[in-house]
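>>> Would you be able to build a 3D model of this:
(2 chains)
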Amino acid sequence: MYPLLHVADIAAHEGQEVTLHGWLHHRASKGKLHFLKLRDGTGIIQCVVFKGNVTPEVFFEADHLPQETSISVRGLVKKDQRSPLGYELDVRDLTVIARPSQEFPLGHKEHGVAFLMEQRHLWLRSQRQTVVLRVRATVVKAIRDFFDERGFTLVDAPIFTPAACEGTSNLFEVPYFDLGKAYLTQSGQLYMEAGAMALGKVYCFGPTFRAEKSKTRRHLTEFWMVEPEVAFMDLEGDMELMEQFVSSVVGKVLAKHEQELVTVLERDVSKLKNVVPPFPRITYTEAVEVLQKAGHPMKWGDDIGGDEETVLASAYDRPVMVHRYPAAMKAFYFKKDPKDPSVALGCDVLAPEGYGEIIGGGQREEDLATLEAAIAHHGLPKEAFEWYLDLRRYGTVPHAGFGMGVERCVAWVCGLHHVRETIPFARMMERITP
RNA sequence: UCCCCAGUAGCUCAGUUGGCAGAGCAGGUGACUGUUAAUCACCGGGUCGCAUGUUCGAGUCAUGCCUGGGGAGCCA
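Numbering: from 1, shown residues only, chains lettered A, B, ... in the order given. You can find the predicted model right below:
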């Protein structure tokens, strides 16, 4: 058994008698007619049951079905301006596949966040969540298409790693046979550098784990990240790649989902339509001056916190690129600016509207001796990075890359308050079920 | 790890100086030929997060704990 027809394709069947399979999303009754909203995953269609068009048994049952009853409905496809879909089904027969054994926990009224997250497996059936998940799927495809179309090769990074890429804190530890401990990856970057030396332009795309005890709307312990890495690319090239990438992803989401973003998520898409290159660029030093003038008590060398990010980003109508952070704030592998070694050749992309950092990246240090000194300076065990240092021993070249968090990107594009809605089953500090 | 907030019906919440446990929605029964979170009538629904204490009496006050939410640090 496989449904021959889905709600999304109903327009092509106007005037025909069809059978649809799905779940009862909502029911309302008015005397001699009942209104059933049928949800099949591709859309929602209103099915109208007139008393005269069906048997008395079907008419009675149609008014006594609980929400989320699985049903198949046979009826005539009719055009109707009163329907948001443009069509409704004039019902001739209705078969119950399975009646819920208990009342469906999620009504059509408001619910609290904790309750919704406990019912996440059922919450996914809501129209809002299905739109968000479809946008996520489009973002994922747009990411892959962007790199595939530009000659990048997908190189999968390992999930078990022997040590931290950027230090040992914030890592999930797992036992690993006789070898002691392994850690869940928090970045595929070092492996992508190896990939770039082999294939030139590469990217990895997969889950990433951070044991940060962060309880904020921007954090998950398990999230998806795409990390391109390119040989013979400097920071300027990296920043051009970032802005082309972000605008491409946003453009593809708009092309496919503008209607849903507006009607279901109430997203102001005019703000997304501004997202075209070139993005504004300011140095960290300039950013500090801007923030100081805006009255933020910070000095050069301080981190740009969440509030500061929002102030900075709100000055522009598209994502802003902040580059050349103090070298001391950045990981050991960042290349320092030859013109000013106090700053690193790194760049963060801050999304507008308070969504914060969606991309972090930069140019890597390609010189062996400089990198060895940086590892020592950061107090990292050199043995763990011998394979990484080999990349500098055998034909090292300038290279750069970045990482983008999928969930923060989807939250921004959808205009969501919290990243937990952008992933099917969120993993957070205080929540691992369902 | 730290700071702030919340926990009362299936859900969202109200509950006055400490004095009989409440509403809306959801659910059930019925009315209604155009509902979009329909409307109307009636009905059922409680370990007030847990524990201890104060008190004649605690949903309400105190202490501790648990759970969740928001934020800081850190980060995508």
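
>>> make it CA atoms for all contacts and neighbour counts henceforth
OK.

>>> In chain A, where is pLDDT below threshold?
Across chain A, the ranges flagged by pLDDT under 70 are A:1, A:163-169.

>>> top helix in it by residue count?
Secondary structure assigned by DSSP state H gives helix A:235-263 as the longest helix of chain A.

>>> Tell me the buried residues in the next helix or strand after that helix?
Sequence-wise, the next helix or strand downstream of helix A:235-263 (DSSP states H and E) is helix A:270-273. Using 16 or more other CA atoms under 10 Å as the test for burial, helix A:270-273 gives A:Leu272.

>>> who's in contact with the next helix or strand after helix A:270-273?
On the C-terminal side of helix A:270-273, the nearest following helix or strand under DSSP H and E is strand A:281-283. Defining contact as CA atoms under 8 Å, 6 or more residues apart in numbering, one finds that strand A:281-283 is touched by A:Val320, A:Met321, A:Val322, A:His323, A:Arg324, A:Tyr325.

>>> Tell me the strands beside strand A:281-283, with direction?
Strand A:281-283 sits in its sheet next to strand A:320-323 (parallel), going by DSSP bridges.

>>> what packs against the next helix or strand after the partner strand?
Elements were assigned by DSSP H and E; along the chain past strand A:320-323, the next helix or strand is strand A:336-337. Applying 3 or more CA pairs under 8 Å, 6 or more residues apart in numbering; DSSP states H and E, we find strand A:336-337 packed against strand A:340-344.

>>> isn't A:Arg408 right up against A:Tyr355?
Yes: in this structure, A:Arg408 is within contact of A:Tyr355 by CA atoms under 8 Å, at 7.3 Å.

>>> Those two - which one has more neighbours?
Shown here are A:Arg408 and A:Tyr355; by other CA atoms under 10 Å, A:Arg408 has more neighbours (28 against 25).

>>> need the contact list for that one.
A:Arg218, A:Tyr355, A:Ile358, A:Val419.

>>> could you redo the last one with a cut-off of 10 Å?
A:217-220, A:223-225, A:351, A:355-359, A:414, A:416, A:418-420, A:422 (CA atoms under 10 Å, 6 or more residues apart in numbering).

>>> Now the buried members of the residues you listed.
Using 16+ other CA under 10 Å, the buried ones in these are A:218-220, A:223-225, A:351, A:355-359, A:414, A:416, A:418-420, A:422.

>>> which bits of the stretch 151-300 of chain A sit near RNA strand B?
Residues of the stretch 151-300 of chain A lying near RNA strand B by CA under 7 Å from any atom of the strand: A:210, A:212-223, A:225.

>>> Pull the distance from the top strand by length along chain A to the chain's centre.
Criterion DSSP state E: the longest strand present in chain A is strand A:17-30. Counting by CA atoms, centre = their mean, to the nearest Å, strand A:17-30 is centred 32 Å from the centre of its parent chain.

>>> Equivalent analysis for stretch A:130-147, please.
8 Å.

>>> Just the C-alphas of it, formatted as PDB.
Extracted C-alpha coordinates of stretch A:130-147, given in PDB (Å, rounded to 0.1, in the frame of the first residue of the first chain):
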ATOM      1  CA  THR A 130       6.700  20.800   9.700                       C
ATOM      2  CA  VAL A 131       7.500  24.100   8.100                       C
ATOM      3  CA  VAL A 132      10.700  24.600  10.200                       C
ATOM      4  CA  LEU A 133      11.800  21.000   9.400                       C
ATOM      5  CA  ARG A 134      11.200  21.500   5.700                       C
ATOM      6  CA  VAL A 135      13.200  24.800   5.800                       C
ATOM      7  CA  ARG A 136      16.000  22.900   7.600                       C
ATOM      8  CA  ALA A 137      16.000  20.200   4.900                       C
ATOM      9  CA  THR A 138      16.300  23.000   2.200                       C
ATOM     10  CA  VAL A 139      19.100  24.700   4.100                       C
ATOM     11  CA  VAL A 140      21.000  21.300   4.200                       C
ATOM     12  CA  LYS A 141      20.500  20.800   0.500                       C
ATOM     13  CA  ALA A 142      21.400  24.400  -0.300                       C
ATOM     14  CA  ILE A 143      24.600  23.900   1.700                       C
ATOM     15  CA  ARG A 144      25.600  20.700  -0.200                       C
ATOM     16  CA  ASP A 145      24.600  22.200  -3.500                       C
ATOM     17  CA  PHE A 146      26.700  25.300  -3.000                       C
ATOM     18  CA  PHE A 147      29.900  23.400  -2.400                       C
END
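
>>> Cheers, nothing more for now.
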